[in-house]
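> Have a look at this fold, sequence not included:
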């Protein structure tokens, strides 16, 4: 009996020891689990904020690249837009901002790696060669909530993005469904010259044709919508498109004049906004100069009286077509080139009212499009905004 009692006592002590070991192991396991969970939460928070910063930097860089136009005013506008675009975002429940010094420019993409990139002021004298813009977000301090004794009390997170001009595209979106006519050698379309698009009756390329193109459809409503907002179809160099017989005076006037803040017929300023400067009879350079700070009360500037003005609405893509392509009435023509033009005047009342447009010719980021290897030659004076890194 005595031996059995001793054995029972030893067994009881052993079980108490085992329970203590299990408790200790359980406590360590629970602490480890909580630590790992805390680290996952903190690291997930870091990734979330990093992604938000990167997305904002990407958007700001793309917006800035969309303003590059080979002019010093484009450098200023690109900086303005990058700062304003990024500063609309909120991160980690606080406002994160960038300054003008966080926007840099370059002629070559590698300049950002070699230190040859430029500030806003340095880029202006060489604006005609600037093709890239970089937005850098200064590091933001994020505090660690759960695992500070393992990964530190805080971490700095930043972001940067580079966008710029694409390779020369050969197809585009949102072109106007009208045409500029050139000689068969194509050498008479020169920068700074003005050209007539959509000739009035009596001044046509051929009987019944008024340089209007039926790209999205043959109806007058298609003309109106296309001139107000650009056509929906992608149009490329070498494409064959239909012409549209008839003057379509009302639809042409109602669509194109939205860009000058003149609204008649079924057009909506919220869908088809006016340009920020609706002053008629000015040149493209005067238009660019009017975007500069302090120039918006000058003689070359006039704010729209209807709608919210949007810079760039008077800068449009128009197909260039050889005169020999046009025949009588409804026909098909082949697009020789696509060019960037500046609309100098609105369309007058009645069946008349030639539209004058100035050929820009400078390397300009405009609209959307790309390069199709199976398509025609790229337009070296045009580009679309591209995010590079």
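Structure's in. What do you need? No experiment lies behind these values; they were computed from the predicted model shown.
> Contacts only, for residue 58.
Counting by Cβ atoms under 8 Å, 6 or more residues apart in numbering, residue 58 touches 161, 163, 387. Just so you know, the C-beta spots here come from the backbone N, C-alpha and C atoms, and that holds for glycine as well.
> after the helix or strand hosting it comes which helix or strand?
Here residue 58 sits within helix 2-65, counting by DSSP states H and E. Going down the chain from helix 2-65, the next helix or strand is helix 72-86, by DSSP H and E.
> which other residues reach that next one?
So helix 72-86 is contacted by 56-57, 59-61, 63-68, 96-100, 102-103, 105, 120, 123-125, 127, 130, 133, 135, 137, 288-289, 291-293, 311 (Cβ under 8 Å, 6+ apart).
> Tell me the buried residues in that helix?
72-83, 85-86 (16 or more other Cβ atoms under 10 Å).
> shaky segments in the stretch 151-300 of the chain?
151-155, 198-209, 293-297 (pLDDT under 70).
> Could I have the buried ones of the contacts of helix 72-86 as ChimeraX selection syntax?
Listed next is the ChimeraX selection for buried residues among the contacts of helix 72-86, using 16+ other Cβ under 10 Å:
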select :56,57,59,60,61,63,64,65,66,67,68,96,98,102,103,105,120,123,124,127,130,133,135,137,288,289,291,311
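> so where do the helices sit in the chain?
Under the criterion DSSP state H, the chain contains helices at 2-65, 72-86, 111-114, 120-123, 148-151, 220-229, 249-256, 284-289.
> Lowest average confidence across those helices, which one?
With a mean of 56, helix 148-151 has the lowest mean pLDDT of the helices of the chain.
> before we move on, the earlier item: can the contacts of residue 58 go into CSV with extra columns for distance to residue 302 and neighbour count?
Output for the contacts of residue 58, formatted as CSV (distance: Cβ to Cβ, whole Å; neighbours: other Cβ atoms under 10 Å):
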residue, distance to residue 302, neighbour count
161, 36, 26
163, 32, 28
387, 35, 14
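> Reformat those residues into JSON lines and put distance to residue 195 next to each item.
Formatted as JSON lines, the contacts of residue 58 follow (distance: Cβ to Cβ, whole Å):
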{"residue": "161", "distance to residue 195": "38"}
{"residue": "163", "distance to residue 195": "32"}
{"residue": "387", "distance to residue 195": "34"}
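> Out of these, the closest to residue 349 would be?
Nearest to residue 349, judged by Cβ to Cβ, of the contacts of residue 58 is residue 163 at 42.8 Å.
> can I assume residue 190 is in contact with residue 361?
Yes. Assessed by Cβ atoms under 8 Å, residue 190 is found in contact with residue 361 at 7.1 Å.
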